[in-house]
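Undergrad: Sequence first, predicted coordinates after that:
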Amino acid sequence: MTDGPDAIGALDTASPVPSRDRIESALRDRGGNGENGIEGRPAAVLVPFCEVDDELSVLFIRRSMNLKNHPGQMAFPGGAADVEDGNLSATAIRETVEEIGVTESQVEVWGTLDPLLTISDFALSPFTGWLSQTSDLNVSEREVSEVITVPVSALVDGSCDRDETRKYESGYVTRPTYAYNGRVIWGSTGQIVSQLIDCLRQA
């Protein structure tokens, strides 16, 4: 299965890419417990930052083709809430542990992004955070077919941006879409990435 990336050094302070400290500070300012008041099945994802080959990056997964909802699509680790979770932050952590094989102690939650209602009727709360360990991941092959990391620099400089219109039951809709190394990020994940990029550019 896919091995995770290795650790990274400090970024050049002259770089247009915000440092980890600046990003963390900006995202911690967007605190909250993820409760969103949206009508739908409660769910949460983690938008995990990590260090890869001397670059600050964001980790994505490609969902297994065997899954009922959104098979084969690019996503963040996450899923539906369980009663035992207690809160949606715990949901995001539990799902991340289950899907990519890190431990709870290797996941640090920073803050939240704006919630959204997915096409599959999930009231989705995105949490941002940090993964301290991304090598030798024990990925769940049942849920995840691939782990991909995208440099923050590629998100900030706009090189991943795409315009894409897709047909839904309600008609044709243009939504934020991103592409990196042949992987296309769209749908609810694309909407979350759009929010994230706005935060990164302001950090």
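TA: Perfect, thanks for sending it. Numbers count the residues shown, from 1 in each chain.

Undergrad: Only C-alpha atoms from now on, for both contacts and neighbour counts.
TA: Noted.

Undergrad: any idea how far Gly101 is from Thr177?
TA: 28 Å (Cα to Cα, to the nearest Å).

Undergrad: In which helix or strand does Leu27 reside?
TA: Taking DSSP states H and E as the definition, one finds Leu27 inside helix 20-28.

Undergrad: buried ones in that helix?
TA: By neighbour count on 16 or more other Cα atoms under 10 Å, the buried set for helix 20-28 is Arg20, Ile23, Glu24, Ala26, Leu27, Arg28.

Undergrad: quick one: the first one and Ser57 touch, right?
TA: No: under the criterion of Cα atoms under 8 Å, Arg20 makes no contact with Ser57, lying 9.8 Å away.

Undergrad: now, the most widely separated pair of the buried residues of helix 20-28?
TA: Arg20 and Arg28 (11.8 Å; Cα to Cα).

Undergrad: dump the residue contacts of Gly32.
TA: Neighbour list for Gly32: Gly111, Thr112 [criterion: Cα atoms under 8 Å, 6 or more residues apart in numbering].

Undergrad: As a check, name the ranges of all helices in the chain.
TA: 20-28, 88-100, 152-156, 187-202 (DSSP state H).

Undergrad: Of all those helices, which one comes closest to Lys167?
TA: Once these are compared by Cα to Cα, helix 187-202 is nearest, at 11.6 Å.

Undergrad: which helices and strands does that closest one pack with?
TA: helix 20-28, helix 152-156, strand 171-180 (3 or more Cα pairs under 8 Å, 6 or more residues apart in numbering; DSSP states H and E).

Undergrad: ok, 7 Å please
TA: Applying 3 or more Cα pairs under 7 Å, 6 or more residues apart in numbering; DSSP states H and E, we find helix 187-202 packed against helix 152-156, strand 171-180.

Undergrad: Please save the CA atoms from that helix in PDB.
TA: Extracted as PDB, the C-alpha positions of helix 187-202 are listed here (Å, rounded to 0.1, in the frame of the first residue of the first chain):
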ATOM      1  CA  GLY A 187     -17.300  18.300  -5.400                       C
ATOM      2  CA  SER A 188     -17.500  18.800  -1.600                       C
ATOM      3  CA  THR A 189     -13.700  18.300  -1.300                       C
ATOM      4  CA  GLY A 190     -13.200  21.000  -3.900                       C
ATOM      5  CA  GLN A 191     -15.400  23.400  -2.000                       C
ATOM      6  CA  ILE A 192     -13.400  22.700   1.200                       C
ATOM      7  CA  VAL A 193     -10.200  23.300  -0.700                       C
ATOM      8  CA  SER A 194     -11.500  26.600  -2.000                       C
ATOM      9  CA  GLN A 195     -12.100  27.800   1.600                       C
ATOM     10  CA  LEU A 196      -8.700  26.500   2.600                       C
ATOM     11  CA  ILE A 197      -6.900  28.400  -0.200                       C
ATOM     12  CA  ASP A 198      -8.700  31.600   0.900                       C
ATOM     13  CA  CYS A 199      -7.300  31.100   4.400                       C
ATOM     14  CA  LEU A 200      -3.800  30.300   3.200                       C
ATOM     15  CA  ARG A 201      -3.700  33.400   1.000                       C
ATOM     16  CA  GLN A 202      -4.700  35.500   4.000                       C
END
